[in-house]
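> Sequence isn't available, so here's the structure alone:
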């Protein structure tokens, strides 16, 4: 049984957090709003199903017109670049809509409906220009609501329960890989056009269902009062909003005295990059070091996927008790321990166990990373913008992480890949340790 009152964060963090919670905290129920979590998870599941199928099948579609793997990789990275530019802006716009009767839903619903069209048209493209137009249009529109959908959690779930909610949501999102694989396995070879039509139709239907059940409840949803900020630049009634643009949000991020938020962004960049590197290079590691076939090496990740799915929800509940930043540090330590297991005994069985242990460590970060960043946000009016910043940090890390680890492999050889990754993990642990110390300082000290 969980205690009636959640454990208190460190005093120096709890004090500024109280400015954000203030009066409504006493009125909100402490129990997790499972219904809201279910429908938010459904909306996020819908969009992630489309993205997983996109990543799985669009490279093969490009191969019909482009022979260079480098060019295909650059094109597939286009959506990441668009996300870096678009998501902080749409996140900030959604923050303004969050205080209206409709909430963030207009961006989510309209974005899903518009993004479905260019996605479904991808297999109809008869030339590279048309295919690029579809890819660009999808990346532009899908990124416009991707982060906004993830921010819905903050509208319907009390701050103390967001870590738990993220656990259920991440468990659901992990199932999208299975959905994408089933569509590829059962439909692609029979009709590519039908296969590309299924994910966007599912996305529109699921988002519409989520809106029907949650959108009408928005005026009475769990909302936080706009009673001030951590840095003394309040946005209460009658005061101008100091975060009128992403540039203002970034300026506050850089100038914040403790630099805790900036360091947390760096930590998110590092951990996301490590995870992407491990996923990208495990298969060639299996062929180069373990002597496995390409198919068998690709299957090394399966135990890790199962471990992630099984552990993510219990880890979310444990994080509720221990705190997000502390749990992330534990997760990084577990991640590094898993990598050292793989380095110590380079066999298929130990490598699979190593990836599984590392996956559990990453699951801790996956649940807590965004929640920790929300917790350090200057006020509740910029949660959408901070979701966009989280995406910028994680996407940048995922784009550069494989190249960084690959460079160390070129220097030391494939045999030392897991050791190299463990060293980078130790650097990430040091970053999050510094974040925890900085977050423990009164954020309003220099206001």
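Perfect, I can see it now. Note that the structure is predicted; figures quoted are calculated from it, not measured. Numbers count the residues shown, from 1 in each chain.
> isn't residue 203 right up against residue 44?
No. Using C-beta atoms under 8 Å, residue 203 is not in contact with residue 44, being 10.6 Å away. Heads up, the C-betas are built off the backbone N, CA and C, glycines and all.
> and residue 302, how many residues sit next to it?
Using other C-beta atoms under 10 Å, residue 302 has 12 neighbouring residues.
> Kindly report the domain assignment for this structure.
30-224, 248-439 (automatic domain parsing).
> Including mean pLDDT, could these go into a markdown table?
Listed next are the domains of the chain as a markdown table, based on pLDDT from 0 to 100:
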| stretch | mean pLDDT |
| --- | --- |
| domain 30-224 | 78 |
| domain 248-439 | 82 |
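> Could you identify which of the ones you listed is most buried?
The highest average neighbour count among these, using mean count of other C-beta atoms under 10 Å, belongs to domain 248-439 at a mean of 21.
> roughly how far is that domain from the heart of the chain?
11 Å (C-alpha atoms, centre = their mean, to the nearest Å).
> all helices for the stretch 301-447 of the chain, in order.
For the stretch 301-447 of the chain, applying DSSP state H, counting those that start in this stretch gives helices covering 301-322, 324-344, 348-376, 383-412, 417-439.
> Against which helices or strands is the second one packed?
With contacts defined as 3 or more C-beta pairs under 8 Å, 6 or more residues apart in numbering; DSSP states H and E, helix 324-344 has these neighbours: helix 260-288, helix 301-322, helix 348-376, helix 417-439.
> could I get those helices as JSON lines with distance to residue 397?
Shown next, in JSON lines, are those (distance: least, C-beta to C-beta, whole Å):
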{"stretch": "helix 260-288", "distance to residue 397": "3"}
{"stretch": "helix 301-322", "distance to residue 397": "18"}
{"stretch": "helix 348-376", "distance to residue 397": "11"}
{"stretch": "helix 417-439", "distance to residue 397": "10"}
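> so which of those helices comes closest to residue 187?
Closest to residue 187 of those is helix 301-322 (C-beta to C-beta; 21.8 Å).
> residue contacts, the spatially closest residue to residue 104 that is not a sequence neighbour?
Closest residue to residue 104 apart from its sequence neighbours, by C-beta to C-beta, 6 or more residues apart in numbering: residue 94 at 4.2 Å. By C-beta atoms under 8 Å, 6 or more residues apart in numbering, residue 94 lies in contact with 104, 107, 148, 151, 384.
> Let me know the closest of the residues you listed to residue 268.
Nearest to residue 268 among the contacts of residue 94, with distances taken as C-beta to C-beta, is residue 151, at 15.9 Å.
> Please, where are all the helices along the stretch 51-200 of the chain?
So, for the stretch 51-200 of the chain - with DSSP H, counting those that start in this stretch - the helices run 69-76, 78-97, 105-121, 128-156, 162-174, 176-183, 192-214.
> helices or strands next to the last one in the packing?
Just to be clear, that refers to helix 192-214. helix 34-62, helix 105-121, helix 128-156, helix 176-183.
> thinking residue 176 is in contact with residue 48, fair?
Yes. Assessed by C-beta under 8 Å, residue 176 is found in contact with residue 48 at 4.4 Å.
> picking that back up, select, out of the helices and strands packed on helix 324-344, the one closest to residue 172.
helix 301-322 (9.7 Å).
> Could you figure out how far that closest one is turned away from helix 324-344?
Between helix 301-322 and helix 324-344, the angle comes out at 150 degrees (axes from the mean of the first three to the mean of the last three C-alpha atoms, to 10 degrees).
> Can you name every helix or strand that helix 301-322 contacts?
helix 162-174, helix 324-344, helix 348-376.
> Next, format those helices as a markdown table and append distance to residue 290.
Formatted as a markdown table, these follow (distance: least, C-beta to C-beta, whole Å):
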| stretch | distance to residue 290 |
| --- | --- |
| helix 162-174 | 25 |
| helix 324-344 | 10 |
| helix 348-376 | 5 |
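> For residue 430, which of those helices is the nearest?
Using C-beta to C-beta, the nearest of those to residue 430 is helix 324-344, at 9.5 Å.
> what angle do the closest one and helix 417-439 make?
160 degrees.
> quick one, helix 324-344 and helix 348-376 angle?
Using the same axes, to 10 degrees: helix 324-344 against helix 348-376 is 160 degrees.
> between helix 324-344 and helix 260-288, how big is the angle?
For helix 324-344 against helix 260-288, the angle by the same axes, to 10 degrees is 20 degrees.
> I'd like to know which of the helices and strands packed on helix 192-214 is closest to residue 410.
Taking those one by one with C-beta to C-beta, helix 34-62 is closest: 23.9 Å.
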